[in-house]
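Asker: need a 3D model of the sequence below.
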Amino acid sequence: MTFVLVLIFSQSYAKEGMWIPLLLEHQNITEMQDRGFRLTAKDIYSINESSMKDAVVIFGGGCTGELISDKGLLMTNHHCGYSAIQKHSSVENDYLTNGFWAMSQSEELPNEKLSVTFLRRMVDVTDSVLKDVDESLSMVQQNKIITSNIDKIVKSSTEETHFTALVEPFFQGNQYFLFIYEEFTDVRLVGAPPSAIGKFGGDVDNWMWPRHTGDFSLFRIYANGDNQPADFSSDNVPYQPKHHFPISLKGVEEGDFTMIFGYPGSTAQYVPSYHIEMLTEVLYPQLIDVRTQKLSVYRHYMEMDAATRIQYASKSASVSNAWKRWRGEIRGLEILDAIHKKQEEEEGFQKWVMAQQEREEKWGTLLESYKEVYSHFSEYNLARNLMLELIGRNGLEMIQLAGHYGSLVSLLDQKEVDEMKINEAVQELQERTNSHFKDYSNSIDSEVSPELLIAFRDNSSKEFHPSLYQQIDSKYKGDVHAYMENVFKKSIFSNQKKTNALLNNPSQKNFRKVKKDPAYLLYGDLVEVYYGKISEGYRTYNAQLDSLNRIYMQALMAFDSTKNFYPDANFTLRVGYGQVKGYKARDAVRYDYFTTLDGIMEKNDPAIYDYRVPERLKELYESKDYGRYEVNGTVPVCFIATNHTTGGNSGSPIINSNGELIGVNFDRAWEGVMSDLMFNPDQCRNISIDIRYALFIIDKFAGAGYLLDEMSLVQ
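Answerer: Okay, the predicted model is just below:
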């Protein structure tokens, strides 16, 4: 079965879209050039020649970064490097608060388990993936053939190489691309501004415009003597990229062409109205309530103690990020009247389908099938997400730690003890346990945990309730707080010394205590329900939706054959383009397209941690010591544009019409965060740090101007 995509070029300005770089020559480049882009599609993506793709990386597991020198110097967001910065931080060396700047390569800090990944090439492999797949086969049979074909493609494309490969579906499985990657694991921290710059405005300003956040950090990629990936070694040398971005000092004006090049994570542009209803009326409201309680406890203890603030800085940011986005999505979708719009589109689609017998036979029951599946999927999806708030996502922290000991318990329970495997398990658990207690507050965990259990009990169907609630009802008269107080009091895992003592003597006798430990038993109870009931049903209905989505995508593209469709984001390299532009937020409120250092000083408030401007920055402001970064008596800080972005685009380069770096993407404006589901060209804006502000901080604030010597600056 081969599905041929009909992508008709549209003359309208593409204010939305996440486009496949391999296909720009045929889909987008003419429009891009009409809007001001001065380069070619091959300058963006080429296999045989140096191109922009060779300067863009996956940073860590979920961000983008870009090369800005021929010595492997890489820029990404401060929040993308936040975890690495935190791991190097302590009360004595608080790099989160004070920042970090290596004044030579010898001072750069290695980062265990941090990697960057380059895309080396991508290939359309649709025909090979769908070989022998026939519509007469069941979806289970089709998926089995597809999986087998993908395995063969991946194996043959990477045999006897150090490259890795992935085959990813596009357009809901109607098209497939092979991606060949090269991963580098020696990545060192070069520089990071203090959080008062890199996270200025904190959670209050997150997802908001106007913004004054210097959200950037610097790392360097190292390679072996052959410029190949290598594990950390003092013998490694800075990586020499095939391409790095020249940096423009010319700045931006409203209406300027902009392009974003990065790894957007996930969008759902083509879902039916039932999906929007599930999110806005079932899922998001409950998750928002859960995280509101969690964040309230975090903030209380973080404000009381500096050590706790450092310990929970990354956790709090992670929990808050989605919490605020969910609220913004609900608001934005309501403003767009998204459910009603989807329903109107579906009515038009259904009339078109029923107007021809062949279409009716193929697609006549699609929407009714969606309605039936979502009526069940919504319930399982809510239970799944509420459970993940318990056993993942910084949930029941002590309980999660206890759960990790299950692998060692299983090894010790075996008749023939494998000492090598036990030693490996012990070493892994020692690292995990030390990491857990380094960033752990028993006070926070013991206060958050019962609230999370109550939220799950009160907001999920009884069929998903683990047996612990029966125990709470019978033994504790329904008092979850009393139950959890007992768990924390009696569990080995609430105490680091007791936990380490277990690992120092991993005998069967000692680990009998683990099998009876209340935290270990609680984790087992939760996981049993998750995998035994929730996950199974979730996968079943999700698989049904996948099948419907594939067919619905085919039908939509036939229904609107003149539309230039772009695939949903799936954390593969994409191009977006637009223009620098302000927007009207609401009645009588219109936002300009840029912010400046003046705005930082206006927000300065020593009484609020997230608005404390560093003294050095105040000094530069008062003396007007701006150097070559001065514009109209101040320094530009951030700007907005109409590029379509989502999670994963954090750290993506913002590029001007000449292919030069003008900014680094880090957020979206609050009014437009619904763009994952429905794009509003009037209000959807991506937020970027102006590259001149980053250079100003590196040069004038940090005194690390030597780094600019290796950059290609364009006046």
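
Asker: just the strands in the stretch 51-200 of the chain please.
Answerer: Under the criterion DSSP state E, counting those that start in this stretch, the stretch 51-200 of the chain contains strands at 56-59, 63-67, 73-76, 100-101, 109-110, 116-124, 164-170, 175-184, 186-192.

Asker: which other helices and strands contact the second one?
Answerer: If contacts are counted by 3 or more CB pairs under 8 Å, 6 or more residues apart in numbering; DSSP states H and E, strand 63-67 sits against strand 56-59, strand 73-76, strand 661-668. In short, each C-beta sits where N, CA and C put it, glycine included.

Asker: nearest to residue 410, of the strands of the stretch 51-200 of the chain?
Answerer: Of all the strands of the stretch 51-200 of the chain, the one in closest proximity to residue 410, counting by CB to CB, is strand 164-170 (29.9 Å).

Asker: what is residue 579 paired to in the beta sheet?
Answerer: residue 257 (DSSP bridges).

Asker: so it touches residue 640, yeah?
Answerer: No - using CB atoms under 8 Å, residue 579 is not in contact with residue 640; the gap is 10.3 Å.

Asker: follow-up on the earlier one: could you dump the strands of the stretch 51-200 of the chain to TSV with mean neighbour count, mean pLDDT and distance to residue 699?
Answerer: Output for these, formatted as TSV (neighbours: other CB atoms under 10 Å; pLDDT from 0 to 100; distance: least, CB to CB, whole Å):
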stretch	mean neighbour count	mean pLDDT	distance to residue 699
strand 56-59	28	98	23
strand 63-67	27	98	19
strand 73-76	26	98	14
strand 100-101	22	98	11
strand 109-110	16	98	21
strand 116-124	20	98	25
strand 164-170	18	98	37
strand 175-184	20	98	27
strand 186-192	25	98	11
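
Asker: which one of those strands lies closest to residue 337?
Answerer: Nearest to residue 337 among the strands of the stretch 51-200 of the chain is strand 164-170 (29.1 Å), distances taken as CB to CB.

Asker: per-residue pLDDT, the residue of the chain most remote from its centre?
Answerer: The C-alpha centroid of the chain is most remote from residue 357, which lies 44.0 Å away (CA atoms, centre = their mean). Here the pLDDT value assigned to residue 357 is 97.

Asker: adding distance to residue 707, write the helices and strands packed on strand 63-67 out as CSV.
Answerer: CSV is the format used below for the helices and strands packed on strand 63-67 (distance: least, CB to CB, whole Å):
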stretch, distance to residue 707
strand 56-59, 18
strand 73-76, 7
strand 661-668, 14
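
Asker: quick one: which of those strands is nearest residue 635?
Answerer: Residue 635 lies closest, by CB to CB, to one member of these: strand 661-668, at 13.8 Å.

Asker: that closest one packs against which elements?
Answerer: Using 3+ CB pairs under 8 Å, 6+ apart, strand 661-668 sits against strand 63-67, strand 247-248, strand 257-262, strand 653-655, strand 686-690, helix 691-696.

Asker: dump these into TSV; add distance to residue 543 as well.
Answerer: Putting these into TSV (distance: least, CB to CB, whole Å) gives the following:
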stretch	distance to residue 543
strand 63-67	30
strand 247-248	47
strand 257-262	30
strand 653-655	37
strand 686-690	34
helix 691-696	45
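
Asker: between these, which one is closest to residue 392.
Answerer: The stretch from these with the least distance to residue 392 (CB to CB) is strand 63-67; that distance is 19.8 Å.

Asker: identify the residues contacting the closest one?
Answerer: The contact list for strand 63-67 (CB atoms under 8 Å, 6 or more residues apart in numbering) reads 54-59, 73-77, 80, 116, 219, 221, 241, 243-245, 261-263, 648-653, 661, 664-665.

Asker: report the buried members of those.
Answerer: Neighbour counting over these (16 or more other CB atoms under 10 Å) leaves 54-59, 73-77, 80, 116, 219, 221, 241, 243-245, 261-263, 648-653, 661, 664-665 as the buried ones.

Asker: wait, residue 244 touches residue 712, no?
Answerer: Yes - with contact defined as CB under 8 Å, residue 244 and residue 712 form a contacting pair (7.0 Å).

Asker: export the strands of the stretch 51-200 of the chain to CSV and tack on distance to residue 435?
Answerer: Below are the strands of the stretch 51-200 of the chain laid out as CSV (distance: least, CB to CB, whole Å):
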stretch, distance to residue 435
strand 56-59, 21
strand 63-67, 21
strand 73-76, 23
strand 100-101, 20
strand 109-110, 16
strand 116-124, 22
strand 164-170, 26
strand 175-184, 23
strand 186-192, 18
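
Asker: so which of the ones you listed gets nearest residue 673?
Answerer: Residue 673 sits nearest to strand 63-67 of all the strands of the stretch 51-200 of the chain, at 17.6 Å, using CB to CB.

Asker: tell me how far the closest one lies from the chain's centre.
Answerer: Centroid separation for strand 63-67 versus its chain: 13 Å, with CA atoms, centre = their mean, to the nearest Å.

Asker: re earlier: wait, which of the helices and strands packed on strand 63-67 is closest to residue 516?
Answerer: Among these, the nearest to residue 516 by CB to CB is strand 56-59 (43.4 Å).

Asker: could you say what helices and strands that closest one packs with?
Answerer: If contacts are counted by 3+ CB pairs under 8 Å, 6+ apart, strand 56-59 sits against strand 63-67, strand 73-76, strand 116-124.

Asker: mind doing that once more with 6 Å?
Answerer: If you count contacts as 3 or more CB pairs under 6 Å, 6 or more residues apart in numbering; DSSP states H and E, strand 56-59 packs onto strand 63-67, strand 116-124.

Asker: circling back: residue 579 and residue 640: who's more crowded?
Answerer: A direct count of neighbours by other CB atoms under 10 Å for residue 579 and residue 640 places residue 640 higher, at 30 against 18.

Asker: show me what contacts the more buried one?
Answerer: Applying CB atoms under 6 Å, 6 or more residues apart in numbering, one finds that residue 640 lies in contact with 209, 593, 685, 687.

Asker: make it 7 Å
Answerer: Residue 640 sits next to 209, 582, 593, 669, 685-687 when contact means CB atoms under 7 Å, 6 or more residues apart in numbering.

Asker: next, count neighbours for the closest residue to it other than its chain neighbours.
Answerer: Closest residue to residue 640 apart from its sequence neighbours, by CB to CB, 6 or more residues apart in numbering: residue 685 at 4.1 Å. Using other CB under 10 Å, residue 685 is surrounded by 30 other residues.

Asker: surely residue 685 meets residue 670?
Answerer: No - the pair residue 685 / residue 670 is not scored as a contact, 9.6 Å apart, by CB atoms under 7 Å.
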